[in-house]
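K.L.:
everything below, folded, please.
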Amino acid sequence: MFTKKIFPVFVFLLVSVLFFSCEKEEEEPLEELEFQVVHVADQYYTCKWNAPNISTFEKYYIVHSPFILGVDDDPKNINYKRRTLDSDQTKDNCNVSVINNNGLPLYFQLFVDIGDRYIRSEVIRFETPKSETIDVAATSAIHYPEKDAIYFVEIGLRGLNYYDYKEKQIKENTEVDFPFRISKTHIGNNGFGEEIYTTNENELIIYDANTLEEKDRFSTNGDIYSVATNDNGLIALSVKNSSNEIQILSRANLTLLNNLVSFNAYNNNRGVAFLSKENNELIEVGGSYSMYFRLDENGIVQEDSYIANPFQPSGFNEIITVSPSENYYIYSGKGEVFDSEMNGIIDLNSLFGNYYSRYLFDKEETYLYAILSNASGNFIDKFSVPNFDWVGRKEFVNGTSLDLFYRDGEIHVATFTDDFYCTYIHALNF
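P.N.:
Model (predicted):
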């Protein structure tokens, strides 16, 4: 009886001793790896560590990324948003160099493969002042300054993300049922909250800028080229139909208040914008003419005029960018610059043959910045105001610049980077 009772206890004690002995032998405290990363120069980092004293050692992996690797992620099988340097070095040769071509904030972590599991080092962080990385593969962006927000449209044009750059986080995201195009989108507040006005073929679609929930739809009798609002109850649509209309809507009930006649060709893209929201001064720019209308609060024309577009052939891009003091506006991918009297000043395309996707006037109205499109590289041009002479060009590697905006008194640029398939905000420094 005594032998039968003590034998199970003996077996339990023996198994426990063996288990904990093995666990103690395999476990490697993090501090003994002494993983170190040195920022050698602008783009270069050197990683060093101690060799772990484990007989089952197989390989080292150094993961570097703007995003920290998840607890359950395998460094041998991670996606394109994180990069693993697969080190073929021997156990005792413990150093390697990493190149970061675009100045992204980076996190480094060492993984030691010991056969049945990994030993992980602590994460080493390299932050970049006044910049951050957003886990969104964006193809375009639009800034909402009153909200400290940027809206990123994902590659594929179906995903929409609301990013708060004060809190540095994505607040909301949604999937839309049509191709969401920034060139046909506007933001504003007409007393019904902060809103996003966008278009799909003949429909105006209004989203809540905070929740990204759809609020309203309005159908017209033709495809909509562009949309604008005066933030005081009026919405303007440049519509393609037999009457070549500019439709003025009431935001309160989305009823048609007035039809304005455009002299631009039926099948030419046209941009529309409020040159002065306070005075309800509306402009439309197309391939043939610039149109001007001063409206009353009910959308009725009080004054109008037009002038032939001096830049022929005109470039197409429905976005109109108005300068802070409303002295200038710029239209189309060719960079057609006008003064507030609709007089043509310069066609930026005529300088070097470049086309542009987005524009920003600085707050003092002394410089104009323009993002190049259709270029073999990622460039931003700078022009002086009022003569619009070319000042210089800045290049960013491995990506595409999406938009320019002010943050904390400085101009920042939102860039999609190919390196980690994500979006990066950083100071322009130009």
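
K.L.:
quick one: residue 311 from residue 249, how far?
P.N.:
30 Å (Cβ to Cβ, to the nearest Å). In this view, the C-beta of every residue, glycine as well, is placed from N, C-alpha and C.

K.L.:
kindly report the same for residue 326.
P.N.:
Separation of residue 326 from residue 249 (Cβ to Cβ) stands at 23 Å.

K.L.:
okay, the two: which has more neighbours?
P.N.:
residue 249 (22 against 16; other Cβ atoms under 10 Å).

K.L.:
nearest spatial neighbour of the more buried one, skipping sequence neighbours?
P.N.:
Distance criterion Cβ to Cβ, 6 or more residues apart in numbering; nearest residue to residue 249, sequence neighbours excluded, is residue 235 at 4.4 Å.

K.L.:
over to residue 277?
P.N.:
Excluding its sequence neighbours, the residue lying closest to residue 277 (Cβ to Cβ, 6+ apart) is residue 230, at 4.4 Å.

K.L.:
before we move on, the earlier item: burial of the residue nearest to residue 249, as a residue count?
P.N.:
The tally of other residues near residue 235 (other Cβ under 10 Å) stands at 24.

K.L.:
who does it form a beta bridge with?
P.N.:
As for beta bridges, residue 235 partners with residue 229, residue 249 under DSSP bridges.

K.L.:
ok, residue 224 next?
P.N.:
Using DSSP bridges, the bridge partners assigned to residue 224 are residue 239.

K.L.:
run a quick neighbour tally on it.
P.N.:
Around residue 224 sit 23 other residues, with neighbours defined as other Cβ under 10 Å.

K.L.:
so it makes contact with residue 235?
P.N.:
No: the criterion here is Cβ atoms under 8 Å, and residue 224 misses it with residue 235 at 10.8 Å.

K.L.:
for the spatially closest residue to residue 208 that is not a sequence neighbour, the count of nearby residues, please.
P.N.:
Leaving aside its chain neighbours, residue 208 sits nearest to residue 215 (5.6 Å; criterion: Cβ to Cβ, 6+ apart). By other Cβ under 10 Å, 14 other residues sit near residue 215.

K.L.:
ditto for residue 322
P.N.:
Residues lying near residue 322 (other Cβ under 10 Å) number 21.

K.L.:
what distance do you get for it to residue 140?
P.N.:
Going from residue 322 to residue 140 by Cβ to Cβ gives 20 Å.

K.L.:
tell me who's in contact with the residue nearest to residue 249.
P.N.:
Going by Cβ atoms under 8 Å, 6 or more residues apart in numbering, residue 235 touches 190, 197, 204, 227, 228, 229, 248, 249, 250, 251.

K.L.:
repeat the analysis, applying 10 Å as the threshold.
P.N.:
By Cβ atoms under 10 Å, 6 or more residues apart in numbering, the residues touching residue 235 are 186, 188, 190, 195, 197, 204, 206, 218, 227-229, 247-251, 254, 257, 299.

K.L.:
about what we covered before: which neighbours do residue 224 and residue 235 have in common?
P.N.:
When contacts are counted by Cβ under 10 Å, 6+ apart, residue 224 and residue 235 have 204, 218, 247 as shared neighbours.

K.L.:
any idea how far the closest residue to the first one other than its chain neighbours is from residue 78?
P.N.:
It stands for residue 204. Nearest residue to residue 204, sequence neighbours excluded (Cβ to Cβ, 6+ apart): residue 218, at 4.3 Å. Separation of residue 218 from residue 78 (Cβ to Cβ): 45 Å.

K.L.:
please apply the same query to residue 36.
P.N.:
Distance, residue 36 to residue 78, by Cβ to Cβ: 22 Å.

K.L.:
please apply the same query to residue 326.
P.N.:
Remark: distance between residue 326 and residue 78 (Cβ to Cβ) = 50 Å.

K.L.:
picking that back up, any idea how far residue 278 is from the residue nearest to residue 277?
P.N.:
Using Cβ to Cβ, residue 230 is found at 8 Å from residue 278.

K.L.:
neighbour count: those two, which is higher?
P.N.:
residue 230 (24 against 10).

K.L.:
so residue 241 is in contact with residue 261, correct?
P.N.:
No: between residue 241 and residue 261 there is no contact under Cβ atoms under 10 Å: 11.4 Å.

K.L.:
per-residue pLDDT, residue 317?
P.N.:
At residue 317, the model reports a pLDDT of 69.

K.L.:
just the element for the closest residue to residue 318 other than its chain neighbours, please.
P.N.:
Using Cβ to Cβ, 6+ apart and skipping residues adjacent in sequence, the residue nearest residue 318 is residue 226, 4.0 Å away. Using DSSP states H and E, residue 226 maps to strand 223-229.

K.L.:
other SSEs contacting that strand?
P.N.:
In terms of contacts (3 or more Cβ pairs under 10 Å, 6 or more residues apart in numbering; DSSP states H and E), strand 223-229 is packed against strand 185-189, strand 194-200, strand 203-208, strand 234-240, strand 245-250, strand 271-276, strand 281-285, strand 320-322.

K.L.:
outside of the third one, which residues touch it?
P.N.:
Same thing as strand 203-208. With Cβ under 10 Å, 6+ apart, strand 203-208 has contacts from 151, 160, 162, 172, 174, 176-178, 180, 184-185, 187, 190, 192-199, 213-220, 223-224, 227, 235, 237, 239, 247, 249, 251, 254.

K.L.:
derive a PyMOL selection command for the buried subset of those residues.
P.N.:
Selection of buried members from the contacts of strand 203-208 for PyMOL, criterion 16 or more other Cβ atoms under 10 Å:
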select buried, resi 151+160+162+172+176+180+184+185+187+190+194+195+196+197+198+199+218+220+224+227+235+237+239+247+249+251
